[in-house]
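[1] predicted model, plus sequence, below.
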Amino acid sequence: MIVHLHQMFSNRLDAMHFMVERLPGVAPPIRKSNPDSYADTPFPDEITLIEMPRKFSFPSIKAYDGTTDPDVHVAQ
């Protein structure tokens, strides 16, 4: 039963992707070999193979919730 549902939803998702790709002016989606993977990236090796500096740390910034002006959010 679950295998049947998985196949049915997979087929429907493929059909929706096909319809979206046919829309004029819409960029094709980035296909991932594994949709749950963070390893796949649209960036070339020149970008992905650059190592971060050892002392680099991401700034602590509150997650943007989409309800305010994004410029104001980043400036805070």
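    Sure thing, it's come through. Numbers count the residues shown, from 1 in each chain.
[2] shaky segments in this structure?
    29-39 (pLDDT under 70).
[3] determine the longest helix present in the protein.
    Ranked by number of residues, the top helix in the chain under DSSP state H is helix 2-21.
[4] report the next helix or strand after it in sequence order.
    As assigned by DSSP states H and E, the chain's next helix or strand after helix 2-21 is helix 45-48.
[5] where's the helix or strand following that following helix relative to the chain centroid, distance-wise?
    With elements assigned by DSSP H and E, the helix or strand that comes after helix 45-48 is helix 70-75. Centre-to-centre, helix 70-75 and its host chain are 22 Å apart (C-alpha atoms, centre = their mean, to the nearest Å).
[6] what's helix 70-75 in contact with?
    Outside helix 70-75, the residues that touch it by C-beta atoms under 8 Å, 6 or more residues apart in numbering are 61-62, 64. C-beta coordinates here come from the backbone N, C-alpha and C atoms, glycine included.
[7] the same query, at a cut-off of 10 Å, please.
    61-67, 69 (C-beta atoms under 10 Å, 6 or more residues apart in numbering).
[8] and what of stretch 52-65?
    For stretch 52-65, the external contacting residues (C-beta under 10 Å, 6+ apart) are 70, 73-74, 76.
[9] residues in contact with Val26?
    Neighbour list for Val26: Val20 [criterion: C-beta under 10 Å, 6+ apart].
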